[in-house]
Structure formats: structure tokens, C-alpha cells
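[1] okay, sequence plus prediction incoming.
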Amino acid sequence: MSQDSGVWLLVQPAATSNIAYTVPRQACLGLTRAVLAGGDDPALWWSYAGGDPVVAAWLEGQRRLATLAPVASIAFAAPTGLRRIGCLPGNSLVSRLAATLVVGGPPPGCTVAGGMAGAEAALQSAIHSALEPSSEALLLLSAIERMRAHEQLVARFDEALAEARLEAMRELAYGAGHEINNPLANIATRAQALLLEEKDSERRRRLATIVDQAFRARDMIGGLMLFARPPKAQPVDTDVGGLVAAVIDSIQAAAAGRGVRLEYSPPPAPISAHVDRSQTEEAVRAIAVNAIEAVEEGGRVSLSAGLMAAAAGAVVGREWCEIAVADNGRGMDAATLRRAFDPFFSGREAGRGAGLGLSKAWRFTEASGGHVVVESRPGGGTRVSVMLPASERTPTAR
């Protein structure tokens, strides 16, 4: 029986050249075992492949490429056209195998070799006689596809879990808001009626406290409902520098009261973002107030605005306006950072800074097509970047 499996492995000993090796059927079976076993131990993969020299050469190539960027899946030639194996970029051995396994003959531009040695004429004949992958090759392809799907599930699990948790919060907030607002309104109304008729100063003080706390709870419920279902954004071209200046004017008193120094670096040239002006201003204000509360007396909070050609997590090639709020406070550890935008979560002591400011900031920014990036480390302060879609009339970033 022919040992031609119809599949090839691309080995890249240097950054500028590829060598395509034919993979024997037996090596396909060994690679299938290695894929299904999981793990990234090259020695284990080589032993499963029976010490096949083709697999050894490929593993050595992957070792040399380990410091480069993760590889992505590639199209490979087949009698019926182009097909793909890999689904997402990855750096595991399974991902790299998916990106370097070729079916139906090596792609153009490769140096070809039969195993680690072999006559060129015999190799060219094998290319034409092994276009259809063997059953062993199909088994290997199936195993790769299954493991790539598994890798996707693992990679997306945390993201899906976070989204499900947020959705549950939204539903709870909206439902609870309606139910709690009615008794709060009754409490406030009755306390106000009693306050009008009360003559005793101490009893008036207590009734006033009840009214104030009822209104505070009402505002918190309103904020929670706003987080759950914010009003539809009405984006317009907005001067970013003017927006940040308005935010600074509104927080000057809060900063002075805590002994915090405010700094502002305006953009070198006017820039415009296509956002809902009031929602975005409220988002930046909430982030700035949180920064003021995060630093001790004598601390510093700086705001800046600028234009970026690309942003983390954003569509490449699109212009983005960045409004950054940085403080020199104590920063956040990884656990706190993961929950920074959860409703009512606070990394500070109880009763200080807990609320919906950051949650609303995130929701309002998202509603205008932007996103928020947070960088923080314990003892190193925090930097929050509000990334906003630039309007079409904004000059291109240099």
C-alpha cells in the first residue's frame, strides 16, 4: 500500500522560506493521537508520531517560531478549490498544525521534499497521485477540527460567562427597579406629609432623613435601570476638547474638596467624535469622579484627549478619539480590575465610592459605538481610556 497520505506539513526553518514535507499515513495516525491527547509537549507529539522525521522537522520549526506572533489558519489547495482547517489564530501546537497542514499538494512557492530525503522526480509524481487525502489524513483533519472547536469554546468561555452575568444583572435591575420604586415613593410621600405637620425639631430631623434616604434609594434604582436599559444614543459630531473642558468645570469643586490636583492636556488640533454628547460627557465625568475618589489628598488626576489610528479591541483602519483619565492612586489588582464596571462594586472601603458611575460610563460609551480600556496595577495608579468613533471630518491621525 502506498504511504502517500495526500497531506503535507509546512516547515519554516527561516522567516523567508517554507519547505513542504510529505506526511506518511502512519505519521498521520500518530499526529491524530497527539492532537486528541491535547497538550503542547513536543516530545510527546514526537513519540506519538513514532519518531517520524517529518514530524520532528516540523516540531523543530515550531520551536524556532515560538517567539513570533501566533499563526492563523491558512487556505490549502484541494481538487475542488480552497478549503480551510483552522478557525481562529492560536499559539498551541494544534493551532500551529492547523495552520501548516496542507492537503492536495504543497502551495506555490514552497521547496518540496519527500520525507527527509527522496528523489525529486518521485516526489513530483507523488504530488499528482495523492491529491485526494487518504482515510488516515481525513481522520487527522477531523481530529484537528474537533480540537480547534474545543479551543474556541475554552477561549470564549470567560467572555460568554461575563456577558451572561451582565445580562442577568440587567434583567434583575430592570425588574427589581419597577418593584422597589413603588414602596419607595410611598415612603417618601408619607414622610413628607408628616414633615409638614411636625413641630418637634428632633422628629423633623428624623423625618427629613427618611425622605432624603428614600430619594437616594430612588436615584440608585434609577441608575440601575439606566444601566440595564440605557436610552438610545443620539450620535452627533461632538467637539472632544469642549466635552472634556465641560467635564473638568463640573468636577473642579469635588477635586478641590479632596485636595486633588486636576491636569488637562487638550488635543493639539480640534478633533470631533460621532457620539451622544450628553451620555459621553456623563461617562467621562463618572470616570473622572471615580479617579478623584481613588487618590489621597495631594494626589493627581490628569485628563487628555487625542486621536488614534487604531485602538485595542477595535476595528483596524478606523479613526478613534481617545479621552484618557489617569490617576496616581493605589491602582487595582487583577481581581478588582475584572469587576471594576460591575454595578455597586467598589475596591475601596464600605460606603466610599460604591455606586453605578463606572457601570453607566461603560454602558453609555458602548451605546455610542465606543469602548473602554483600563490599565492598572497595584501601587502604580490607573489609566482609563474612553475610545470613541471619530467623525468623518476629523483629520487623520499621524
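    That came through fine. Numbering: from 1, shown residues only.
[2] and the helix or strand containing L172, what does it pack onto?
    Element membership for L172, per DSSP states H and E: helix 135-197. Contact partners of helix 135-197 among helices and strands, from 3 or more Cβ pairs under 8 Å, 6 or more residues apart in numbering; DSSP states H and E: strand 4-14, helix 25-37, helix 93-100, strand 101-103, helix 201-228. C-beta coordinates here come from the backbone N, C-alpha and C atoms, glycine included.
[3] for the record, mean pLDDT for whatever helix or strand comes next after the last one?
    Heading C-terminal from helix 201-228, the first helix or strand you meet, by DSSP H and E, is strand 236-239. Taken as a whole, strand 236-239 has an average pLDDT of 93.
[4] show residues contacting strand 236-239.
    P270, I271, S272, A273, H274, V275, D276, R277, T280, S391, R393 (Cβ atoms under 8 Å, 6 or more residues apart in numbering).
[5] just the closest of these to D327, please.
    Checking those against D327 with Cβ to Cβ, the nearest one is T280 at 19.9 Å.
[6] how deep is the closest one tucked in, by neighbour count?
    Applying other Cβ atoms under 10 Å, we find 27 residues neighbouring T280.
[7] ok, how many other residues are close to the closest residue to it other than its chain neighbours?
    Leaving aside its chain neighbours, T280 sits nearest to S368 (5.9 Å; criterion: Cβ to Cβ, 6 or more residues apart in numbering). Neighbour count of S368, defined by other Cβ under 10 Å: 22.
[8] possible to save the helices and strands packed on helix 135-197 as JSON lines with mean neighbour count?
    Below are the helices and strands packed on helix 135-197 laid out as JSON lines (neighbours: other Cβ atoms under 10 Å):
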{"stretch": "strand 4-14", "mean neighbour count": "21"}
{"stretch": "helix 25-37", "mean neighbour count": "21"}
{"stretch": "helix 93-100", "mean neighbour count": "23"}
{"stretch": "strand 101-103", "mean neighbour count": "23"}
{"stretch": "helix 201-228", "mean neighbour count": "16"}
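[9] how about a markdown table for these, with mean pLDDT and distance to Q62 added?
    A markdown table is the format used below for the helices and strands packed on helix 135-197 (pLDDT from 0 to 100; distance: least, Cβ to Cβ, whole Å):
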| stretch | mean pLDDT | distance to Q62 |
| --- | --- | --- |
| strand 4-14 | 70 | 9 |
| helix 25-37 | 88 | 13 |
| helix 93-100 | 80 | 5 |
| strand 101-103 | 78 | 12 |
| helix 201-228 | 83 | 46 |
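[10] which of the ones you listed sits closest to L139?
    That would be helix 25-37 among these, by Cβ to Cβ, at 5.3 Å.
[11] settle this for me: R383 is touching S376, isn't it.
    Yes: applying Cβ atoms under 8 Å, one finds R383 in contact with S376, separated by 7.2 Å.
[12] these two: who's more crowded?
    S376 (22 against 17).
[13] list the residues that contact that one.
    Applying Cβ under 8 Å, 6+ apart, the residues contacting S376 are G331, M332, L337, T382, R383.
[14] among the residues you listed, name the ones in strands.
    T382, R383 (DSSP state E).
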